[in-house]
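Undergrad: For reference, the sequence and a predicted model appear below.
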Amino acid sequence: MDIADDKTPLLNKTYGRERNTRLKLALLLIGVIFVAVLIGYSVAFFVHRCPGNAKEDTAISNLLIRSVSAKNIEENLKVLSGVPHLAGTPEGLKTAEYVRDKWLEQGLDSAKLVPYNVMLSYPNPDLPNKVSLLENGTEIFHSALEEKILRPEDYNPNIVPPFNAYSHQGEIEGNLVYVNYGRHEDFKFVQENYPEININGSIVIVKYGKLFRGTKVKLAQRAGAIGVILYSDPAEYALEGESYVYPSSWWLPGTGVQRGNVFDSDAKGDPATPGYPAKPYMYRLDDEDTDLPKIPVHPIGYDDARRFLREMTGPEVPNDWRGNLNITYRLGPGFTNTNRKVKLSVHSSREQRTVYNVIGTITGKTEPDRYVILGNHRDAWVYGAMDPSSGTASLLEITRAYGELITSGRWRPRRTIIFASWDAEEYGLLGSTEYVEEFQSSLADRAIAYINVDMSLVGNYTFYARGTPLLYQAVFEATKKVADPDGTADSLYDRWLAKSAPGADNPRVADMGSGSDFAPFVYRIGVSALDMFYSFDIKKVQHYPIYHSSYETFYCVKTFVDSNFLRSQAVAQVWAEVGRHLGDAVVLPMDTREYGIRIRQAMDAIRELYADKMEQQDIYFDDIYSALDNFTSATERFKTEIDQVNKDNPLEVRNVNDRLMNLERSFIDPLGLPGRKYLRHVVFAPSEHDQYSSSAFAGLVDAMFEIDSDPRPEERWDVVRQQMAVIAYTIQSAAYALLGVAGI
């Protein structure tokens, strides 16, 4: 019927509209009631399923710690360090499959391989890398092509020859110049005090130590060097003399060579896919567009280094540049015999291969969408008995202990615990970085903490930890529960305190650099992190001497470092307990006040160094300290709120836990540090001048570095002004975040 033909009286039409309106209102009311009931039911279900008053079972903590076995760790290490397992090789894949199968056997809820197609680097077996001494163009000596086998048991045909991964290919000849450790100040010393020594166009020889080898190469490249030779001097690596070395001790013999990558970049991860996961579909940079070195680099042992250094001419070096080679160290350039030159031959490839992370999970019973991640890398340059296999051996024992609790039905954590066995860390944190890049949205939203053990031990002096301040209390509490493996203190905590900070309230926890897999978690997405191991005396030794050599064997660990594996056990017990506590505590064991204390300490040190110089540019610290006062006040208020939280109210508990988890994210600047966009943490980041070391407020400190000698200081001062503003803003924003609704 056409509307024009409708003869219904107007009154009846109005009544119809009213009836329809009442019907709609009735339906709406029913819908509201239904939704209310549904919400009430959901909340009741959530409260029932996620009880806020779920208490931690202290018996589980004690049981877990006691169940970690030193003998099992020893057996794990014997297997893991039995063969070389370099990333991207068949042996590397076999080790990944071994870890996955172990985790499934142990009873984890899941375990899988996660592959990435990354750029790696390997020596050419048909064209070996070497350093040659030429006389009138003829080779009269060259460095050893491989490390000498000093114990028959150490031989394996798959030992990769010494090389520096990602070195540029090339054969170059030139004069040799000695530049100490290859630091910025070393190059500057030569250039300012010996202008007649031309580093530009020369090959430099530098000692390992003091800073990341990749930074040495970057600085040499900037100085105009055409190649770099790296060696380990006995002054750092054979402290008890060249006659008392492996296999008689853990000191590096003259034939030992430290392998390692020379990839220095804020991006880390796969050099060809910075910022994005190295999946088959991903766009890749051309080789020349990456941050990889543009000059050849090669490492040699100190026996070979002696042959080159003893023949050098030029001025004697300063006293603090001398090593222990029993020669006269000279700067160069070149040799006393002017017919002689050095030749550097590097034929290593850069090629794409597949690497495999292994990811295992125990799903949380109450908050499965909150993750505590325990990680260690698995790949090694050779046997890797310390780095990383001592850590992997401990990780496998931790998962066994967790798995027993799960399969017995005795315990399941409140939150999900993820176990990560990373691949290709030695090439520049590739496995962990690619994982964070692929899953950064989920991890940034859900990851509570990342607990890293690169290696369980590198010495037998004391426990060592570095981390972000939110996790200080967790590691303090865990070490108090673990026995001192040497039996000389009441607990591991007491030994750590006595050795690292005698007389202080707590042991020293160092800031983080960028030498291991915690880096992408902290610096990219703002996840609180902790890294720990049993260490040597850092006042006496720079690094454990057999680092990245073929002499880093099970025999060395068992004979010289941890004969009964009690030190390895202690680290594993702390690792397991920190993971359990973070995974099971109703309120996360994080103290925001520690962050306020550490930030103020760092800023006080910066102000002491630079305030006078900054004031000459009308730059002051007032805004930063105002924000610091606000942040400190916010941490105190938040502590009171936590003390008063109703643990029977899951929404209230979730609220404070989320603010604890997200505090680290508050220090992330999405624009990154100046000139280093992939490093986003304003408070903690590796120094631009050494990837291994940490620098609090690195953006500001790097901007102030030798600012007076910059040819364009005004541009640098603009960066300083910007960083001062960014720091004040970031600290204030963190204070607002802690206060929750009250901060808006």
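TA: Structure's in. What do you need?

Undergrad: Can you list phi and psi of Arg370 for me?
TA: Here is the backbone geometry of Arg370 (degrees, to the nearest 10): phi -120, psi 130.

Undergrad: can you check Lys207 too?
TA: Phi and psi for Lys207, reported as degrees, to the nearest 10, are phi -80, psi 150.

Undergrad: What helix or strand is Phe533 located in?
TA: strand 528-535 (DSSP states H and E).

Undergrad: next one: Ala305
TA: Counting by DSSP H and E, Ala305 is part of helix 302-309.

Undergrad: Report all helices and strands that that helix contacts.
TA: strand 130-135, strand 203-207, strand 227-231 (3 or more CB pairs under 8 Å, 6 or more residues apart in numbering; DSSP states H and E). For every residue, glycine as well, the C-beta is placed using N, CA and C.

Undergrad: picking that back up, now do the strand holding Phe533: distance to the chain's middle.
TA: 10 Å (CA atoms, centre = their mean, to the nearest Å).

Undergrad: same thing with stretch 303-316?
TA: 36 Å.

Undergrad: And the contacts of it?
TA: Contact with stretch 303-316 is made by 131, 133, 141, 143-144, 176, 178, 194, 197, 205, 229, 231, 233, 254-255, 325, 327-337, 340, 342, as judged by CB atoms under 8 Å, 6 or more residues apart in numbering.

Undergrad: ok, back up a step: how much does the helix holding Ala305 deviate in direction from strand 203-207?
TA: With axes from the mean of the first three to the mean of the last three CA atoms, to 10 degrees applied, the angle from helix 302-309 to strand 203-207 works out at 140 degrees.

Undergrad: Please shift the residue numbers so they start at 15 in all later answers.
TA: Understood, numbering begins at 15; the last thing we discussed is helix 316-323.

Undergrad: What strands line up against the next helix or strand after helix 316-323, and which way round?
TA: As assigned by DSSP H and E, the chain's next helix or strand after helix 316-323 is strand 354-360. Applying DSSP bridges, strand 354-360 is found paired with strand 144-149 (antiparallel), strand 184-188 (antiparallel).

Undergrad: contacting residues around the longest one?
TA: For strand 144-149, the surrounding residues in contact (CB under 8 Å, 6+ apart) are 153-157, 159, 187, 243, 312, 314, 318, 321-322, 325, 351, 353-359.

Undergrad: Secondary structure class of the residue nearest to Ser81 when sequence neighbours are not counted, three-state.
TA: Closest residue in space to Ser81, ignoring its immediate chain neighbours: Ala415 at 4.5 Å, by CB to CB, 6 or more residues apart in numbering. Three-state call for Ala415 (DSSP: H, G, I helix; E, B strand; the rest coil): helix.

Undergrad: ok, and for stretch 151-163, which residues are buried?
TA: 156-158, 161 (16 or more other CB atoms under 10 Å).

Undergrad: could you dump those residues to TSV with pLDDT?
TA: Shown next, in TSV, are the buried residues of stretch 151-163 (pLDDT from 0 to 100):
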residue	pLDDT
His156	98
Ser157	98
Ala158	98
Glu161	98
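
Undergrad: give me every residue that touches Asp71.
TA: With CB under 8 Å, 6+ apart, Asp71 has these contacts: 425, 598.

Undergrad: any idea how far it lies from Asn338?
TA: For Asp71, the distance to Asn338 equals 55 Å [CB to CB, to the nearest Å].

Undergrad: about what we covered before: are any of the contacts of stretch 317-330 buried, and which?
TA: Buried among the contacts of stretch 317-330 (16+ other CB under 10 Å): 145, 147, 157-158, 190, 192, 208, 211, 219, 243, 245, 247, 268-269, 339, 343-349, 354, 356.

Undergrad: wait, Leu693 sits on Leu687?
TA: Yes - using CB atoms under 8 Å, Leu693 is in contact with Leu687, at 4.8 Å.

Undergrad: okay, and the common contacts of these two?
TA: In contact with both Leu693 and Leu687: 280, 699, 712, using CB under 8 Å, 6+ apart.

Undergrad: so how far is the strand or helix carrying the second one off the chain centroid?
TA: What it means is Ala699. Using DSSP H and E, Ala699 maps to strand 698-701. Counting by CA atoms, centre = their mean, strand 698-701 is centred 11 Å from the centre of its parent chain.

Undergrad: Paired strands for it, with orientation please.
TA: When DSSP bridges is applied, strand 698-701 pairs with strand 704-710 (antiparallel).

Undergrad: If you average the pLDDT over the strand it pairs with, what comes out?
TA: Taken as a whole, strand 704-710 carries a mean pLDDT of 66.

Undergrad: For Ser135, the count of nearby residues, please.
TA: For Ser135, the neighbour count with other CB atoms under 10 Å is 21.

Undergrad: What separation do you get for it and Pro209?
TA: Ser135 is 36 Å from Pro209, by CB to CB.

Undergrad: picking that back up, name the residues of the helix holding Ala319 that are buried.
TA: Here helix 316-323 shows 316-323 as buried, counting by 16+ other CB under 10 Å.

Undergrad: The nearest residue to Val536 once chain neighbours are set aside: what's it in contact with?
TA: Sequence neighbours aside, Ala543 is the residue nearest to Val536 in space, at 4.8 Å (criterion: CB to CB, 6+ apart). Residues in contact with Ala543 (CB under 8 Å, 6+ apart) are 463-466, 481-482, 485, 526, 532, 535-536.

Undergrad: what does the one helix or strand Glu451 maps to rub up against?
TA: Taking DSSP H and E as the criterion, Glu451 maps to helix 444-452. Helix 444-452 is contacted by residues 101, 128, 130, 132, 281-284, 289-293, 369-371, 373, 389, 391, 393, 434, 436-439, 457, 531, 533-535, 538-539 when judged by CB under 8 Å, 6+ apart.

Undergrad: Return the list of helices and strands in contact with the helix or strand following that helix.
TA: As assigned by DSSP H and E, the chain's next helix or strand after helix 444-452 is helix 454-460. Helix 454-460 sits against strand 381-391, helix 539, with contacts defined as 3+ CB pairs under 8 Å, 6+ apart.

Undergrad: among the ones you listed, which is nearest Ile552?
TA: strand 381-391 (21.4 Å; CB to CB).

Undergrad: list the buried ones in the closest one?
TA: Per 16+ other CB under 10 Å, strand 381-391 contains these buried residues: 381, 384-391.

Undergrad: same deal with stretch 617-627?
TA: Neighbour-count burial for stretch 617-627 [16+ other CB under 10 Å]: 617, 620, 624.

Undergrad: The second one is in contact with Leu714, isn't it?
TA: Yes - between Ile620 and Leu714 there is a contact under CB under 8 Å: 6.6 Å.

Undergrad: Out of the strands paired with strand 354-360, which is the most enclosed?
TA: Of these, the one with the most neighbours on average (mean count of other CB atoms under 10 Å) is strand 144-149, at a mean of 20.

Undergrad: Kind regards, and thank you for your time.
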